[in-house]
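Student: Provide a 3D model corresponding to the input given below.
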Amino acid sequence: MAEETKEKKKIPNISASLRTHTVQIPEVVWKARGMVVLGRRIKSVIFTTDIAIIRNCNADAVLAVYPFTPQQVISKAVIDASAIPVFVGVGGGTTKGVRSALIARDAEAQGAFGVVVNSPMSNENIRLIRQIIDIPIVATVVSEDEDINARLNAGATILNVSAASKTPDLVRHIRKDFPDVPIIATGGPTEASILETIEAGANTISYTPPTCGEIFSVMMDQYRKDNTKNPFDVPDPKAGGITDFLKMF
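Tutor: Numbers count the residues shown, from 1 in each chain. Predicted coordinates:
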């Protein structure tokens, strides 16, 4: 009976020869309960605006927040290129007021699954955004001083907890009074820190991937060590191998 149950839990894993080298979310993240947003279950979000990373990862969704004033051309590019749901940053500190509300409206029209507001954004501004859009509002929380109840009453739907090494503690603090509120939280750099964040009560883990430059560095080191010929290299026509190459198609 135990063997039969174990057999039922096996999940087929299908890949392709050219798509095996992708950014993989740490395995421990899948222990999270997740949350269902607009009908999609989301256990992991990848924190990046790099389209190449977004197209080559196994995350459930994208957290497209960046340290500049939000621009519709950026959110559109990310949403159009992504094959997974995207949560778009619409301001908080520098960008706020009517501008944030208009950016949020455009993000919804572009197909965003939600908008993200940074910690400094006022509750009045969140109310304004809520009056304009129907998709979820993700409110970032960075300390225990945040009035969570006021955020939720203003129209926030999901909390995004980002408190560096103190994130698990902050998640526990929120869970005491808000056992059911959906929480995305940064998992930290190790499997142990991710697991602690999940056990503290985070529904979904935010993962910061390596940059393309960092990935390239590792790959180039390997290429320098590996002198074997790539079977997919196009042969030199002068060498007479082009006919054999074309037969592959």
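Student: show me the contacts for Ala109.
Tutor: The contact partners of Ala109, by C-beta atoms under 8 Å, 6 or more residues apart in numbering, come to none. In short, each C-beta sits where N, CA and C put it, glycine included.
Student: Am I right that it falls within a helix?
Tutor: Yes: Ala109 forms part of a helix when assessed by DSSP: H, G, I helix; E, B strand; the rest coil.
Student: Tell me how far it lies from Val62.
Tutor: Distance, Ala109 to Val62, using C-beta to C-beta, to the nearest Å: 18 Å.
Student: mind checking the SS state of the residue nearest to Gly93 when sequence neighbours are not counted?
Tutor: Distances taken as C-beta to C-beta, 6 or more residues apart in numbering place Pro120 nearest to Gly93, at 4.4 Å, with adjacent residues excluded. Classification of Pro120 using three-state DSSP returns coil.
Student: what sits against Pro120?
Tutor: Going by C-beta under 8 Å, 6+ apart, Pro120 touches 92-93, 96.
Student: Report the spatially nearest residue to Glu27, omitting neighbours in sequence.
Tutor: Per C-beta to C-beta, 6+ apart, closest to Glu27 is Glu191, 7.7 Å.
Student: State the pLDDT value of the one you found.
Tutor: Per-residue pLDDT puts Glu191 at 96.
Student: Please renumber the chain so that the first residue is 34 from this point on.
Tutor: Taking 34 as the first residue, the last one we looked at is Glu224.
Student: That one against Trp63, yeah?
Tutor: No: applying C-beta atoms under 8 Å, one finds Glu224 not in contact with Trp63, separated by 11.5 Å.
Student: in the protein, which spans are strands?
Tutor: With strands called from DSSP state E, the chain shows them at 68-70, 73-75, 77-80, 94-97, 119-124, 147-150, 170-174, 191-194, 216-219, 237-240.
Student: Now mean pLDDT, distance to Glu157 and mean neighbour count too, for the ones you listed, in CSV please.
Tutor: Listed next are those as CSV, based on pLDDT from 0 to 100; distance: least, C-beta to C-beta, whole Å; neighbours: other C-beta atoms under 10 Å:
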stretch, mean pLDDT, distance to Glu157, mean neighbour count
strand 68-70, 98, 25, 17
strand 73-75, 98, 29, 17
strand 77-80, 98, 27, 24
strand 94-97, 98, 24, 26
strand 119-124, 97, 13, 27
strand 147-150, 98, 12, 28
strand 170-174, 98, 13, 24
strand 191-194, 98, 18, 25
strand 216-219, 98, 23, 26
strand 237-240, 98, 26, 26
